[in-house]
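1. Sharing a sequence plus its predicted fold:
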Amino acid sequence: MAPHLTGGAIDVTLAAIHGKVLDLGTAFDEMNEKSATRYFEHYLKENPQACQHRRLLYNCMTQVGFSNYAEEWWHYDFHNVAWARRVHAQIAHYGAVHASIQNHDIKEIRYQ
């Protein structure tokens with residue numbers, strides 16, 4: 001099940017107070033080896049600032065209960081199946097959500 005279908009997944013980055021996106025080493029949602037959360041831990045000299053920003057993001061998110069998908073520095077889960085696997089929880093609180101939409105209005109929401 002795709003984590004984002006549960007409502008328990010979020011893609012997030014960091015920005016300065018005036019909205020300028022901070023350097024996290026790759027573009028948001030860029031798929032390559034540098035997107036792995038710990039990439040710059042192994043290649044610190046390549047981009048120490050990106051490493052520092054990723055550490056900040058990771059520590060803030062995990063301290064409040066999110067878990068990180070290690071292949072994407074921007075992806076965090078909370079109480080869904082992916083989170084439960086990573087933190088060895090017995091249950092996941094969020095499953096997939098199915099919404100029926102007609103004429104741009106939500107007619108029904110079913111939780112799976």
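-> Structure's in. What do you need? Residues are numbered from 1 along each chain as shown.
2. Got phi/psi on the closest residue to Glu33 other than its chain neighbours?
-> In this structure, Glu33 finds its nearest non-sequential neighbour in Tyr39, 6.5 Å apart by CB to CB, 6 or more residues apart in numbering. (Glycine included, C-beta is placed from N, CA and C.) Note on Tyr39: its backbone torsions stand at phi -50, psi -50 [degrees, to the nearest 10].
3. Tell me how many other residues surround Tyr76.
-> Other residues within reach of Tyr76, judged by other CB atoms under 10 Å, total 26.
4. ok, the residue nearest to Glu33 - contacts?
-> 25, 33, 73 (CB atoms under 8 Å, 6 or more residues apart in numbering).
5. show me what contacts the residue sitting nearest the centre point of the chain?
-> Geometric centre of the chain, nearest residue: His75, 1.7 Å, by CA atoms, centre = their mean. His75 sits next to 3, 9-11, 68-69 when contact means CB under 8 Å, 6+ apart.
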